[in-house]
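Q: got a sequence here, can you model it:
(2 chains)
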Amino acid sequence: MAEKTPLTKEFTKGIIKENPVLCLVLGTCPTLAVTTGVSSALGMGIAATAVLVCSNSVISALRKVIPAKVRIPAYITIIASFVTIVQMMIKAYAPALNDSLGVYLPLIVVNCIILGRAEMFASKNSIAASALDGLGMGIGFTAALFLMGSIREILGAGSWFGMNIPLLGQNPILIFILPPGGFFVFGMLMAIANRLNTNAERKARETACAACPMSESCNGPDDEKECVK
Amino acid sequence: MSLTQLIGIFLAAILTENYVLCKFFGICPFLGVSKKLDTALGMSAAVTFVMVLATAVTWPIYTYILVPKELDYLQTLVFILVIAGLVQLVEIVLKRFIPSLYHALGIYLPLITTNCAVLGVTMLVLDKGAENPSFGYIASLVNALGAGIGFLVAMVMFAGVREKLESCDIPESLKGLPITLVSASLVACSFLGFNGIVDRLLN
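A: From the prediction side, this is the model:
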């Protein structure tokens, strides 16, 4: 992890290629619950990103101290502390956001993205790499929430960030901000992500091994034992 | 709090406030283990059990320890640790005394710690109690039981839908989770129909 290129890679992978919501399907509960409006979706994304960066760095710093047997309770305690801090900050500086997120704000504790990154990444990598991984995953999460929030608010309420949209504003399709709309938009976005991924893979398979799942451990196309092609 | 009100809370928690389909709690197990009817039943039974138990423990802790000592900002931290400890305890007790139930629930128990429905219900009943002082301990427990049963109803219904989906011809990109979510959307639609039914029934 000493070189510069892998670090930027840790950062960018979370945004598109391993997007936590659309590709890894983690953290679905907040994704569906808070995306009725753009502003609450964005607020949730930023709060979760803050928790993710802090908890990833601390867990990575303590990775040699925490005994393997009690690592999960230790991670949960660290995450819960940061969630409490973020919750108090939001209560103090953005009370309106606190009201719109409600119980989903403390529920960041059980967001699988955060515990998942702690277990899969931060417990094995350096502090800088873990912080960047957290930031990238957090931005990927925020981007997915923002996208879903925009679609649902524009179609379901006829507005965007509370601004009225002509034509749609008079006759919004209410179902999109109701629970069924959440499931539907999420399913459709995931189908689009699937489609884009298969297309990209097909293209990559014809040209290089970049998209090959073994590309990290394999020595290139000449390595007969490892190469999937 | 009268019996009618308690029944109202129970029914509302199952139908109009369904934790999975209306409040989006516990979506991960809902999508993950609803493929077959028996696993869906096992998971929901375990969730219901832990929900009621967790509410029974966290309610007094919050009301009689955290609030008087002005430590209520530690709510999140304390609740998640209590739930994690409780799940562990339930696992040990079941293994020792009711091994058949332990084997039936086995793999689902540890997963419940990170099920947001459990943490969600313990926190939501406290919010309800803060708004309405007559919403006490018993009402909270009834609400938790209703939430668990609601989870069970959603899981079992959805398991049926998913078994039908297996034999359908689905477009390539929609295969797997996307079509599952779209069908979840239709099931959630049907639950919208319950709006107001509980008030009408009891008044």
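
Q: show me the strands in chain A, by range?
A: All strands of chain A, identified by DSSP state E, fall at A:159-160, A:163-164.

Q: dump those strands to TSV, plus distance to residue B:142, mean pLDDT and mean neighbour count.
A: Any C-beta I mention is one placed from the backbone N, CA and C, and that applies to glycine too. Shown next, in TSV, are those (distance: least, CB to CB, whole Å; pLDDT from 0 to 100; neighbours: other CB atoms under 10 Å in any protein chain shown):
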stretch	distance to residue B:142	mean pLDDT	mean neighbour count
strand A:159-160	38	83	16
strand A:163-164	43	80	10
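
Q: which one of those strands lies closest to residue A:64?
A: strand A:159-160 (47.2 Å; CB to CB).

Q: can you tell me the strand partners of that closest one and which way each runs?
A: Within its sheet, and counting by DSSP bridges, strand A:159-160 is paired with strand A:163-164 (antiparallel).

Q: other residues contacting the strand it pairs with?
A: residue A:158 (CB atoms under 8 Å, 6 or more residues apart in numbering or on different chains).

Q: residue contacts, residue A:152?
A: Taking CB under 8 Å, 6+ apart as the contact definition, residue A:152 lies against A:35-37, A:176-177, A:181-182, A:185.

Q: in chain B, which residue sits closest to chain A?
A: Using CB to the nearest CB, the closest approach of chain B to chain A is made by residue B:181 at 3.1 Å.

Q: where does pLDDT dip in chain A?
A: Applying pLDDT under 70 to chain A flags residues A:1-5, A:204-229.

Q: determine how far the longest helix seen in it lies from the middle of the whole chain.
A: Identified as the longest helix of chain A according to DSSP state H is helix A:127-157. Counting by CA atoms, centre = their mean, to the nearest Å, helix A:127-157 is centred 6 Å from the centre of its parent chain.

Q: surely residue B:156 forms part of a helix?
A: Yes. Assigned with DSSP: H, G, I helix; E, B strand; the rest coil, residue B:156 falls within a helix.

Q: which residue is nearest the middle of chain B?
A: Centroid check for chain B by CA atoms, centre = their mean gives residue B:148 as the closest residue, at 4.1 Å.

Q: give me phi/psi at that residue?
A: With angles defined as degrees, to the nearest 10, residue B:148 shows backbone torsions of phi -60, psi -50.

Q: tell me which helix or strand the nearest residue to it once chain neighbours are set aside sits in.
A: With CB to CB, 6 or more residues apart in numbering or on different chains as the criterion, residue B:148 has its nearest non-adjacent residue at 2.8 Å, and that residue is residue B:48. Per DSSP states H and E: residue B:48 is located in helix B:37-60.

Q: contact residues of chain A facing chain B?
A: Proximity of chain A to chain B, by CB under 8 Å from any CB of the partner chain, involves residues A:25, A:28-29, A:32-33, A:73, A:76-77, A:80-81, A:83-84, A:87-88, A:102-103, A:106-107, A:109-112, A:115, A:175, A:178-184, A:186-188, A:190-192, A:194-195, A:198.

Q: helix, strand or coil for residue B:21?
A: Applying three-state DSSP: residue B:21 is coil.

Q: test my guess that it contacts residue B:154.
A: Yes. Using CB atoms under 8 Å, residue B:21 is in contact with residue B:154, at 5.4 Å.

Q: shared neighbours of the two, anything?
A: B:187, B:191.

Q: still on that earlier bit, residues contacting the residue nearest to the centre of chain B?
A: B:44, B:47-49, B:51-52.

Q: which helix or which strand is home to the closest residue in space to residue B:35 that isn't next to it in sequence?
A: Taking CB to CB, 6+ apart, and ignoring the residues beside it in sequence, residue B:35 has residue B:162 as its nearest neighbour in space, at 5.8 Å. Using DSSP H and E, residue B:162 maps to helix B:137-165.

Q: and the angle for the next helix or strand after that helix with helix B:137-165?
A: Using DSSP H and E, the helix or strand that follows helix B:137-165 towards the C-terminus is helix B:177-192. Calculated by axes from the mean of the first three to the mean of the last three CA atoms, to 10 degrees, helix B:177-192 forms an angle of 130 degrees with helix B:137-165.

Q: how many other residues sit next to residue A:202?
A: Look at residue A:202: counted by other CB atoms under 10 Å in any protein chain shown, it has 10 neighbours.

Q: over to residue A:184?
A: If we define neighbours as other CB under 10 Å, then residue A:184 has 21 of them.

Q: before we move on, what about residue B:161?
A: By other CB under 10 Å, neighbour count at residue B:161 equals 14.

Q: contacting residues for the nearest residue in space to it that is not next to it in sequence?
A: Closest residue in space to residue B:161, ignoring its immediate chain neighbours: residue B:183 at 5.3 Å, by CB to CB, 6+ apart. Applying CB under 8 Å, 6+ apart to residue B:183 gives the contacts B:158, B:161-162, B:165.

Q: how does it look with 10 Å?
A: A:183-184, A:187, B:158, B:161-162, B:164-165, B:168 (CB atoms under 10 Å, 6 or more residues apart in numbering or on different chains).

Q: show the pLDDT at it.
A: Looking at residue B:183, its pLDDT reads 90.

Q: residue B:141 too?
A: With respect to pLDDT, residue B:141 has a value of 92.

Q: if I pick it, what's in contact with it?
A: Counting by CB under 10 Å, 6+ apart, residue B:141 has contacts B:6, B:9, B:51-53, B:55-56, B:59, B:125.

Q: what would these look like in JSON lines with distance to residue B:104, neighbour count and pLDDT?
A: Below are those laid out as JSON lines (distance: CB to CB, whole Å; neighbours: other CB atoms under 10 Å in any protein chain shown; pLDDT from 0 to 100):
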{"residue": "B:6", "distance to residue B:104": "29", "neighbour count": "16", "pLDDT": "87"}
{"residue": "B:9", "distance to residue B:104": "29", "neighbour count": "24", "pLDDT": "86"}
{"residue": "B:51", "distance to residue B:104": "18", "neighbour count": "30", "pLDDT": "90"}
{"residue": "B:52", "distance to residue B:104": "18", "neighbour count": "21", "pLDDT": "92"}
{"residue": "B:53", "distance to residue B:104": "17", "neighbour count": "18", "pLDDT": "91"}
{"residue": "B:55", "distance to residue B:104": "23", "neighbour count": "26", "pLDDT": "93"}
{"residue": "B:56", "distance to residue B:104": "22", "neighbour count": "15", "pLDDT": "93"}
{"residue": "B:59", "distance to residue B:104": "28", "neighbour count": "19", "pLDDT": "91"}
{"residue": "B:125", "distance to residue B:104": "28", "neighbour count": "26", "pLDDT": "88"}
